[in-house]
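Q: I'd like to go over a predicted model; first the sequence, then the structure.
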Amino acid sequence: MTKVKLTIEYVGTDFCGWQSQQNGVSVQDTVERALGRYFGCDFVRIYAAGRTDVGVHAVGQTAHFVTDKSVNCYKLCLGLNAYLPSTVAVTAAECVGDSFDARFGALSKTYCYRIYVSPMRRPTLDVNHTQVYKPLDVQAMRLAADKLVGTHDFAAFQKSGSNLKGTVRTVNSLDVADNGDGTIYFWVNGNAFLYNQVRLMCGLLVEVGKGRYTLDDVDAMLGGVKLKFRTLPAKGLTLERVFYGEEQL
């Protein structure tokens, strides 16, 4: 038996998320069917580092599968991509040891939330950015981001529907990058996240940047106070990379 690690990139706009569901087309189903066609069967079960929600993108989603067939990783990538839609691609494959597990071996994940600041809509950015109409106070957002780094109870930073036990999570880093071209990126790395946690954290930072909330309000949310603001749209969020072993930041 051969275990294969895949790196998968996708535009999440037209999918119901990563995980297989009955009410829509998932990325998981799409890749599993492509593997089935490649190996001459109905499908091949794959196991991913984690779920991405409906509309969320990925550059570095990681998954693994096991097969009794011989595998040439380069040909596997080419063959799978021939069976995948234009919005999904396997960008890398490698044979790994039996101990590798895409989900349980993951030490941390890096997400990026992208926004652009403009009173006018930018169609080429709208695919994976969220529009903010007025300039933001980047320095205030950076100070607020620093408060979110570390191990905290993020109970106020989750949407209902989470089936995870406990609300204490560790954010290893949260960087606010002003790219100087009207785009601002929030780079977040952590060991695990609650349902919608990243989008809510970045949404709070945007509200701080607008001047609506202060650093004291950030402390209040970390203390369990739920503030009213919009959960940022899924389209601005991308899973950038999953870290394992020596790759860990």
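A: That came through fine.

Q: from memory residue 132 sits against residue 115, does it?
A: Yes - the pair residue 132 / residue 115 is scored as a contact, 5.2 Å apart, by C-beta atoms under 8 Å. The way it works is simple: take the backbone N, C-alpha and C, and place the C-beta from them, glycine included.

Q: Report the set of residues contacting both of the two.
A: residue 206 (C-beta atoms under 8 Å, 6 or more residues apart in numbering).

Q: Please say which of those two ends up with more neighbours.
A: Taking other C-beta atoms under 10 Å, residue 132 and residue 115 do not tie; residue 115 has more neighbours (23 against 18).

Q: part of a strand, is the more buried one?
A: Yes - per DSSP: H, G, I helix; E, B strand; the rest coil, residue 115 lies within a strand segment.

Q: contacting residues around it?
A: Neighbouring residues of residue 115 by C-beta under 8 Å, 6+ apart: 129-132, 183-186, 206, 232, 236.

Q: after the helix or strand that contains residue 188 comes which helix or strand?
A: Using DSSP states H and E, the element containing residue 188 is strand 183-190. Downstream of strand 183-190, the first helix or strand assigned by DSSP H and E is helix 197-210.

Q: ok, and what's touching the following helix or strand past that following helix?
A: Using DSSP H and E, the helix or strand that follows helix 197-210 in sequence is helix 215-222. Under the contact criterion C-beta under 8 Å, 6+ apart, helix 215-222 has outside partners 140, 143-144, 147-148, 152-154, 156-157, 204, 208, 227.

Q: Run through the strands of this structure in chain order.
A: Ranges of strands in the chain, per DSSP state E, are 2-10, 47-48, 57-67, 88-96, 106-117, 130-132, 150-153, 168-178, 183-190, 237-244.

Q: Can you give the strand pairings for the last one, parallel or anti for each?
A: Taking DSSP bridges as the criterion, strand 237-244 forms sheet pairs with strand 57-67 (parallel), strand 106-117 (antiparallel).

Q: same question, the first one
A: Partner strands for strand 2-10, per DSSP bridges, with pairing direction: strand 57-67 (antiparallel), strand 88-96 (antiparallel).

Q: got the CA positions of that strand in CSV?
A: Extracted C-alpha coordinates of strand 2-10, given in CSV (Å, rounded to 0.1, in the frame of the first residue of the first chain):
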residue,chain,number,x,y,z
THR,A,2,1.2,3.5,-0.8
LYS,A,3,0.2,6.7,1.1
VAL,A,4,0.3,9.8,-1.0
LYS,A,5,0.2,13.4,0.2
LEU,A,6,-1.5,16.0,-2.1
THR,A,7,-1.4,19.8,-2.1
ILE,A,8,-4.6,21.2,-3.5
GLU,A,9,-5.5,24.6,-4.8
TYR,A,10,-9.0,25.8,-5.4
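
Q: Please parse the chain into its domains.
A: 2-96, 108-244 (automatic domain parsing).

Q: Endpoint to endpoint, the first one covers what distance?
A: For domain 2-96, the first and last residues are 8 Å from each other (C-alpha to C-alpha, to the nearest Å).
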